[in-house]
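Colleague: Here is a sequence together with a model predicted from it:
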Amino acid sequence: IFTDPILLCGPIIAEYLSIPSVYFLRGFPCGMDFEATQCPNPPSYVPKLFLNNSDSMTFAQRVKNVLVHVLEFVYCKPMFAPFEELASEIFQKQVTATDLLSRGSVWLMRYDFVFEFPRPVMPNMVFIGGINCNQKK
């Protein structure tokens, strides 16, 4: 299944049908893409998306980044709870959003290191940055 995994419908269907899934996304809230792929994501090194920090953060920015990382669980858990409940009902066992996402075969990431900061990635994460760029007039 070729899907955008934000709503978790695609991953649930792929798991139910036991077929591979390919995710196409720009970024995932709460760093769940890193958690699902078991990619290193040290909060003192990798800036959070909405904080507008660079990869060379000051100590205060690093502390703020770590605090936001800790609080992500509080505001992201309710966002994916309905999908976790649906998946648990379908599969008759406790399923988390991270469990569903971890079964993704390939992650097509619309990132480009030209515009982003360097960070660790896993082998099944493919960067296809620039796919949404307009032709220059």
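Modeller: Ah, there it is. Residues are numbered from 1 along each chain as shown.

Colleague: downstream neighbour of the host helix or strand of Glu89 in the secondary structure list?
Modeller: Assigned by DSSP states H and E, Glu89 belongs to helix 59-91. Per DSSP H and E, the first helix or strand lying C-terminal to helix 59-91 is helix 97-101.

Colleague: which residues of this protein score low on pLDDT?
Modeller: Applying pLDDT under 70 to the chain flags residues 49, 113, 115, 130-133.

Colleague: Repeat the analysis, applying 90 as the threshold.
Modeller: Within the chain, the ranges that satisfy pLDDT under 90 run 4-7, 25-58, 60-79, 109-122, 124-137.

Colleague: mind checking the backbone torsions on the nearest residue in space to Thr3 that is not next to it in sequence?
Modeller: Nearest residue to Thr3 in three dimensions, chain neighbours excluded: Gly10, at 2.7 Å (C-beta to C-beta, 6 or more residues apart in numbering). Heads up, the C-betas are built off the backbone N, CA and C, glycines and all. For Gly10, the backbone dihedrals are phi -60, psi -50 (criterion: degrees, to the nearest 10).

Colleague: what's the spacing between Gly10 and Tyr23?
Modeller: Note on Gly10: its distance to Tyr23, by C-beta to C-beta, to the nearest Å, is 8 Å.
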